[in-house]
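Student: Compute the structure for the input listed below.
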Amino acid sequence: MPCHAAVSGDQQLIQIVDAALADSVRRSGKWLACRPGCSQCCVGAFAINQLDAARVRAGLEELERQDPERAIRVRARVNAYVTRLADGYPGDPRTGVLDESEEASQRWDDFANDEPCPVLDPGTGTCDLYHSRPMTCRTFGPPLMSDGELGVCELCFDGVTDEEVAACEIHPDPDHLEAVVLKELEKSTHTSGNTIVGFALACQSSTIAPSLSHRQPRVTDFSTYPLPGGKDTLSCAESGEGSAPSARR
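Tutor: Presented below is the predicted three-dimensional model:
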């Protein structure tokens, strides 16, 4: 699949999700506590799909062009992250793909729960790849339906009624465009399964990132994994250079 086709589909998805987010943020008003520097949701591993993985890799490539020193710091945090966690990774550390077995799912429950996302700048508490962040990070904060229940960040909507929460619900992808774009990407790259941000960025891949970027990303020997289905993530709803989410729903 040509690069521009994948970029086009993902950019359309981002526009739809960001528009839905802006509308929910407007309705939520003061009940939404998300602000740049609030990074509680950036602690703990969470699963991302291959479209998210391709986007964050392309985002780091862009950062390497625009701000090389900042990108070097991200790479250093990524390398330290995978070095600490590779042995206990509930998947294949060479590909980064998470294992979906029952045993791996049990390991996932206790995996990296206290680890900050390596893309989080520890000095500012903001995301260094904010504009390329995963969909989970884009939608975290406002009320979002998950498994039949509305989930919200525990720091938001304090003291409000269930009806007030429901009135602010975000509908990020009503036409399920993400599933369509993801399916096309997986078909073209022959890569499927969930992973996590750190291992996605550390993965040495010649197939996924080029679908969203013309340049081959520089990476280390670790790869991305498909997540076992036991974890979810939450995202930061603050527009601008805010914190990216990593909490589990």
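
Student: Buried residues, the helix or strand hosting Ala76. List them.
Tutor: Here Ala76, judged by DSSP states H and E, is contained in helix 68-85. Neighbour counts using 16 or more other CB atoms under 10 Å place 71, 73-75, 77-79, 81-82, 85 of helix 68-85 among the buried residues. The way it works is simple: take the backbone N, C-alpha and C, and place the C-beta from them, glycine included.

Student: and the residues you listed as CSV, adding pLDDT?
Tutor: Shown next, in CSV, are these (pLDDT from 0 to 100):
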residue, pLDDT
Ala71, 96
Arg73, 97
Val74, 97
Arg75, 96
Arg77, 97
Val78, 97
Asn79, 96
Tyr81, 97
Val82, 96
Leu85, 96
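
Student: okay if I get those as JSON lines plus distance to Thr161?
Tutor: As requested, these are arranged in JSON lines below (distance: CB to CB, whole Å):
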{"residue": "Ala71", "distance to Thr161": "45"}
{"residue": "Arg73", "distance to Thr161": "44"}
{"residue": "Val74", "distance to Thr161": "41"}
{"residue": "Arg75", "distance to Thr161": "46"}
{"residue": "Arg77", "distance to Thr161": "41"}
{"residue": "Val78", "distance to Thr161": "42"}
{"residue": "Asn79", "distance to Thr161": "47"}
{"residue": "Tyr81", "distance to Thr161": "40"}
{"residue": "Val82", "distance to Thr161": "44"}
{"residue": "Leu85", "distance to Thr161": "41"}
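
Student: And the next helix or strand past the helix holding Ala76?
Tutor: That would be, after helix 68-85 and using DSSP H and E, helix 102-109.

Student: Could I get the average pLDDT for that next one?
Tutor: In this model, helix 102-109 has a mean pLDDT of 93.

Student: same question for the next helix or strand after it, mean pLDDT?
Tutor: With elements assigned by DSSP H and E, the helix or strand that comes after helix 102-109 is strand 120-121. Mean pLDDT, strand 120-121: 96.

Student: likewise stretch 20-31?
Tutor: 93.

Student: For the residue nearest the centre of the chain, give its distance to Cys127.
Tutor: The residue lying closest to the centre of the chain (CA atoms, centre = their mean) is Pro134, at 2.9 Å. Pro134 sits 10 Å away from Cys127, going by CB to CB, to the nearest Å.
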